[in-house]
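Participant: Need coordinates for the below:
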Amino acid sequence: MSLRPPSDSSALFRVCFVCTGNICRSPMAEVVFRNLAARRGMESSISVMSAGTGDWHVGEQADARTLAALSARGYDGIEHRAKQFDRAWFDRFDLIVAFDRSSERILRAWAGDEADRAKIHLLLSFDPAAAAIDVPDPYYSDASRFDAVLSMIERASAGLISQIEPAIRQGVA
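Facilitator: Coordinates of the predicted model:
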């Protein structure tokens, strides 16, 4: 079961963050990236959502540790409800961001063609200082791992928005 993604055809740039279950990493990124866009006055130009490759948590809130990590840094993720990525969504997004090579492989297998596959990127590819390729899944860890993952997501999200901001400001994506 999956939920339909919001269709914001008026947005110049549409991004979907995809992790495994859509309760830890991708909800963090959705909240962080939406916040970055709003702080830069681009909330109406960028459509942001998140999803998971699996359906285990569809309809659930983000993990309590995700919400606590976000809240500790001033973010609000309470409205999040988990969704599973649907193969039909490729045409609705300009960028599909995976958190690890496993999710990236799944998304590439679901992609219908090269144009769809070209939309898929690993989150840490947007952080030039990143020492890793994958954002670790904090689900089986403690609060400190959730905090560390949030820091990785904030840095990479800042890099991503810096890359797309010039095109958004010029009215093209």
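
Participant: Rounded mean pLDDT for stretch 30-48, please.
Facilitator: For stretch 30-48, the mean pLDDT works out to 96.

Participant: Output it as CSV, nothing but the C-alphas.
Facilitator: The C-alpha coordinates for stretch 30-48 follow below in CSV (Å, rounded to 0.1, in the frame of the first residue of the first chain):
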residue,chain,number,x,y,z
GLU,A,30,12.1,16.2,4.1
VAL,A,31,11.7,18.4,7.1
VAL,A,32,15.3,19.8,6.9
PHE,A,33,15.0,20.5,3.2
ARG,A,34,11.6,22.1,3.4
ASN,A,35,12.9,24.3,6.2
LEU,A,36,15.9,25.3,4.1
ALA,A,37,13.7,26.2,1.2
ALA,A,38,11.4,28.3,3.4
ARG,A,39,14.3,30.2,5.0
ARG,A,40,15.5,31.1,1.6
GLY,A,41,12.1,32.2,0.4
MET,A,42,11.7,29.3,-2.1
GLU,A,43,8.9,27.3,-0.4
SER,A,44,6.5,27.9,-3.3
SER,A,45,9.2,27.0,-5.9
ILE,A,46,10.3,23.6,-4.4
SER,A,47,8.0,20.7,-3.7
VAL,A,48,9.5,18.2,-1.1
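
Participant: residues making contact with it?
Facilitator: Applying C-beta atoms under 8 Å, 6 or more residues apart in numbering, the external contacts of stretch 30-48 come out as 6, 8, 10-17, 49-50, 70, 75-77, 80, 150, 153-154, 157-158, 160-161, 164-165, 168, 173. C-beta here means a position set from N, CA and C on the backbone, and glycine is covered the same way.

Participant: Also stretch 59-73?
Facilitator: Taking C-beta under 8 Å, 6+ apart as the rule, stretch 59-73 contacts 1, 3, 23-24, 27-28, 31, 76-78, 80-82, 138-139, 142-143, 146-147, 149-150, 154.

Participant: Alright, that wraps it up for me.
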